[in-house]
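Enquirer: just need the structure, nothing else, for what follows:
(one chain, ligands or ions: 2)
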Amino acid sequence: MSLRLSIAERLTRARGDLRMGVPVVLAGAGEAALVAAVETLDAARLADLRLFGAPVLAITARRAETLKARAYDGDLARVVPPADAGLHWLRSVADPADDLRTPMKGPLQSLREGPADLARAALGLAKSAQLLPAALLVPLNNALPLAGSHGLTLLTLDEISPALAALPPLEEVVSARVPLVASSAGRVHVFRPDDGGEEHYAIEIGRPDRDKPVLARLHSACFTGDVLGSLKCDCGPQLRAALAQMGEEGAGVLLYLNQEGRGIGLANKMRAYSLQDQGFDTVEANHRLGFEDDERDFRIGAEILRKLGFSSVRLLTNNPKKLAMMEGCGLHVTERVPLRVGETAENRAYLATKAAKSGHLL
Ligand SMILES: Nc1nc2c(ncn2[C@@H]2O[C@H](COP(=O)(O)OP(=O)(O)OP(=O)(O)O)[C@@H](O)[C@H]2O)c(=O)[nH]1
Ligand SMILES: [Zn+2]
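Expert: Ligands and ions are numbered 1, 2, ... in the order given. So this is what the prediction gives:
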């Protein structure tokens, strides 16, 4: 018997560490580094990290573009902080909140030589912890003993990339009857991934025939739209309209996927909203933060539908990427059912941007 933790277990632990401001150790390809997320780093930890060597600051090419830093590594830049750079400087590189008010004084110096694999893994880790994608790396000579003696989580490159890309197996934990306004025959199923990550929910209306295409909706969590009735998006009306249509037809499945803010989390979505108040659209705001337009993993929806016994769907959506993903995951989409509701004066520009830049169908 071995009590050695699996990569999935260490990955989840590493996400928690970074969210608490605790560094982790990444090793591989003859290199190793202490890694900390800039967002959660404090001055004392920064000073401690510096005792191990000179840090490098990894940011995504998206963020580098805004800062006019050279991204020699393609999808990312390894920025060399000036010797006197403190926490404030690091935060200004990581967080675009003050880009316009106090622009960074450049030029930023980026590394051109040497491998960028550790930096890439560090950014993947920060993103998957729903933190700003900016990571401080301090090169190490002797990673293993250091991780062991300080109780730090150790991840190796060969295991981290496939683990970040993999879809953790999901299992249904429980389901129970919940009568809804849309239908008295509602049932909520809770699905839990085996890596301790976010749970997702399936709301089954009626008892859909597993041998026929089911009316289905993949809804991504939107706290502001779904719960608060925000006028900035169309999520709340879409959620209720989808359930109402399922109620009228007597059958359907709505997946409530906890991928807030197209996968960047509520804190980052609020950062994006602040940028939108400075004049950037929904896509530009994500990019300035260092994220892609859409960081969701759409495979989760297909996996849950399959687990529930469905193989073909009539999908309620205006997003062609959701259609392509379902087909790509082996779920047959027999029909796209448009879902255009909830346009307001406040979200008109947002919906127009989704149509123009993200390919949403009108
Ligand atoms: N990052 C970011 N996320 C947003 C913004 N506005 C809404 N969201 C999120 O966008 C997601 C909307 O998801 P959906 O309605 O499922 O998806 P969609 O891609 O618009 O596709 P359909 O509604 O199916 O046509 C939710 O997770 C919201 O929290 C924004 O300005 N920035
Ligand atoms: Zn929304």
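
Enquirer: could you pull up phi and psi at Thr40?
Expert: Main-chain dihedrals, Thr40, degrees, to the nearest 10: phi -110, psi 0.

Enquirer: in this structure Arg210 contacts Lys307, no?
Expert: No - under the criterion of Cβ atoms under 8 Å, Arg210 makes no contact with Lys307, lying 11.7 Å away. Glycine gets a C-beta too; all of them are placed from N, C-alpha and C.

Enquirer: more neighbours: which of those two?
Expert: Lys307 (15 against 11; other Cβ atoms under 10 Å).

Enquirer: contacts only, for the more buried one.
Expert: 170-172, 191 (Cβ atoms under 8 Å, 6 or more residues apart in numbering).

Enquirer: also Leu155?
Expert: Counted by Cβ under 8 Å, 6+ apart, Leu155 has contacts 7, 10-11, 14, 24-27, 121, 125.

Enquirer: next, it: phi, psi?
Expert: Per degrees, to the nearest 10, the backbone of Leu155 is at phi -130, psi 140.

Enquirer: widest-spaced pair of the contacts of Lys307?
Expert: Leu170 and Glu172 (7.8 Å; Cβ to Cβ).

Enquirer: what residues are shared contacts of those two?
Expert: 191, 307.

Enquirer: show me which of these two is the more surrounded one.
Expert: Shown here are Leu170 and Glu172; by other Cβ under 10 Å, Leu170 has more neighbours (18 against 13).

Enquirer: show me what contacts that one?
Expert: By Cβ under 8 Å, 6+ apart, the contact set of Leu170 is 191-194, 200, 300, 303-304, 307.

Enquirer: now, the residues you listed that are in helices?
Expert: 300, 303-304, 307 (DSSP state H).

Enquirer: can you lay out the contacts of Lys307 as TSV showing secondary structure?
Expert: Formatted as TSV, those follow (DSSP: H, G, I helix; E, B strand; the rest coil):
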residue	secondary structure
Leu170	strand
Glu171	strand
Glu172	strand
Phe191	strand
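
Enquirer: can you list the residues you listed in TSV and add pLDDT and distance to Lys68?
Expert: Below are these laid out as TSV (pLDDT from 0 to 100; distance: Cβ to Cβ, whole Å):
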residue	pLDDT	distance to Lys68
Leu170	95	42
Glu171	96	47
Glu172	98	49
Phe191	98	43
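
Enquirer: distance to Arg340 added to those, as JSON lines?
Expert: Below are these laid out as JSON lines (distance: Cβ to Cβ, whole Å):
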{"residue": "Leu170", "distance to Arg340": "30"}
{"residue": "Glu171", "distance to Arg340": "35"}
{"residue": "Glu172", "distance to Arg340": "32"}
{"residue": "Phe191", "distance to Arg340": "29"}
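
Enquirer: from those, which is closest to ligand 1?
Expert: Nearest to ligand 1 among those: Phe191, at 16.9 Å, using Cβ to the nearest ligand atom.

Enquirer: and what about Arg78, helix, strand or coil?
Expert: Of the three states, Arg78 takes strand under three-state DSSP.

Enquirer: and Ser230, how many residues sit next to it?
Expert: Using other Cβ under 10 Å, Ser230 has 18 other residues around it.

Enquirer: what's the spacing between it and ligand 1?
Expert: According to Cβ to the nearest ligand atom, to the nearest Å, Ser230 stands 9 Å off from ligand 1.

Enquirer: ok, for that residue, nearest residue in space, not its chain neighbours?
Expert: Thr224 (3.8 Å; Cβ to Cβ, 6 or more residues apart in numbering).

Enquirer: distance check, the one you found against ligand 1.
Expert: 7 Å.

Enquirer: now for that residue: which residues touch it?
Expert: 230, 232-233, 235, 269 are the contacts of Thr224 under Cβ under 8 Å, 6+ apart.

Enquirer: grab the nearest non-local neighbour of the residue most central in space within the chain.
Expert: The centroid of the chain falls nearest to Gly263 when counting by Cα atoms, centre = their mean (3.3 Å). In this structure, Gly263 finds its nearest non-sequential neighbour in Glu295, 3.4 Å apart by Cβ to Cβ, 6+ apart.

Enquirer: interface residues of the stretch 101-250 of the chain facing ligand 2?
Expert: 222, 225, 233, 235 (Cβ under 5 Å from the ion).

Enquirer: as a check, name the ranges of all helices in the protein.
Expert: For the chain, applying DSSP H gives helices covering 7-20, 43-50, 61-67, 87-94, 117-128, 143-150, 157-165, 235-249, 260-263, 265-277, 282-289, 299-307, 320-328, 348-357.

Enquirer: columns mean pLDDT on top of the ones you listed, output as a markdown table?
Expert: What follows is the helices of the chain, written out as a markdown table (pLDDT from 0 to 100):
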| stretch | mean pLDDT |
| --- | --- |
| helix 7-20 | 95 |
| helix 43-50 | 96 |
| helix 61-67 | 96 |
| helix 87-94 | 96 |
| helix 117-128 | 97 |
| helix 143-150 | 82 |
| helix 157-165 | 92 |
| helix 235-249 | 97 |
| helix 260-263 | 96 |
| helix 265-277 | 97 |
| helix 282-289 | 96 |
| helix 299-307 | 96 |
| helix 320-328 | 93 |
| helix 348-357 | 80 |
